[in-house]
Every structure is written in C-alpha cells, then in structure tokens.
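[1] Next input, structure requested:
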Amino acid sequence: MSASYRVAVNLVGIYVAKRSSDLSFIQNHLSGGILNADTALSAMKQWVQTNGIPRHDHIMAFTRYRLPEFHLYYKIKLYSGRKFDFIAATVAAHEIGHALGAVHDGENNRCSSSSGFIMVSVSQAMRPPNQKSPWEFSSCTSSEIGLYLDELNK
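    Next up, the predicted model:
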C-alpha cells in the first residue's frame, strides 16, 4: 500500500418501507420465502434511481428473507423481533469491507479464518484473547482495502 487511508462512513439516508408492497425489488424476487439476491440487486438499482434516494457511494438493504447465495445469513439472524440488533452493524461493516475490495480472512490471504475479525466468512461469538476482533478489520483486510483504494487513485 503506497498511501495511508482513513475511511469514514456517513449515513446519507434511510428508507423504511411501511408495506412490503413498497419494495417491489424484493417482493418480485421471492420464491418460497427465499430472496433471489442476484435479480433483487439489479431491481434495487433501478428502484433506487427512480425513488429519490440521496446521492451515495454504497447502498444496503436489510431483510428478514433468506438469501441462499450468502453464507453469512445461515449463521446469524439480523433481527430480534422488530428491531435491529448489533449483528446488523457487523454485517454492514462486513459488506462494506467487500465493497472496498476485501475478501474473507483465510481466503487467499495469510490471516486466519478463525481469528474472529469482521471479514471472517462466518460470524462467531469470540472469547478472550480475540474478544475485540469482531469489531475490527484484520491486517489482511486493511491491506486489501488499501490496495483497492490505491487502484482507485491511479
């Protein structure tokens, strides 16, 4: 990495649907309670462009539907009743890591998949000595993000 970066995430908007029918990009891509994420993401892009969503660099959607394409969903639950729990923030950080060029720890890098950092492929409750790890990026992730940002700056 040729430069040192400081990345900040700023929330520019939040949209909470009043009815499930307000989210056609989700409802039209469900089958048996399972969301086809590939087609839903394409539809979401079109929905965002036509619904006055503020200018942004990255957008996320949280849903209670199963996403078979993504392994993370099977190991954690994003909602506790009707409210978000802290795991939603961890999932958001993990997905932002991917958007910034990071792969899972232990996949094509020297970091251990059992270290418990944000970019492990399966979230896990950690006990000492890795108690802080779920809230941090590993050195591999930091390097991968730096390399990605270097490429953007060329």
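[2] When you work out contacts or count neighbours from here on, use the C-alpha atoms and nothing else.
    OK.
[3] where do the helices sit along the protein?
    For the chain, applying DSSP state H gives helices covering 24-27, 37-50, 71-75, 86-99, 139-152.
[4] could those go into TSV alongside mean neighbour count?
    Putting the helices of the chain into TSV (neighbours: other CA atoms under 10 Å) gives the following:
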stretch	mean neighbour count
helix 24-27	17
helix 37-50	14
helix 71-75	13
helix 86-99	17
helix 139-152	17
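[5] any idea which of those helices scores lowest on pLDDT?
    Per-stretch mean pLDDT for the helices of the chain is lowest at helix 71-75 (a mean of 40).
[6] how near is the spatially most central residue of the chain to P134?
    Central residue of the chain (CA atoms, centre = their mean): E95, 2.1 Å from the mean position. For E95, the distance to P134 under the criterion CA to CA, to the nearest Å works out to 14 Å.
[7] what does L67 give?
    From L67 to P134 the distance is 22 Å (CA to CA).
[8] More neighbours: which of the two?
    Neighbour comparison, L67 and P134: the larger count goes to P134, with 21 against 18 (by other CA atoms under 10 Å).
[9] my guess is that one contacts G116, does it?
    Yes. With contact defined as CA atoms under 8 Å, P134 counts as touching G116 (5.5 Å).
[10] Give me the neighbour count for V9.
    Applying other CA under 10 Å, we find 9 residues neighbouring V9.
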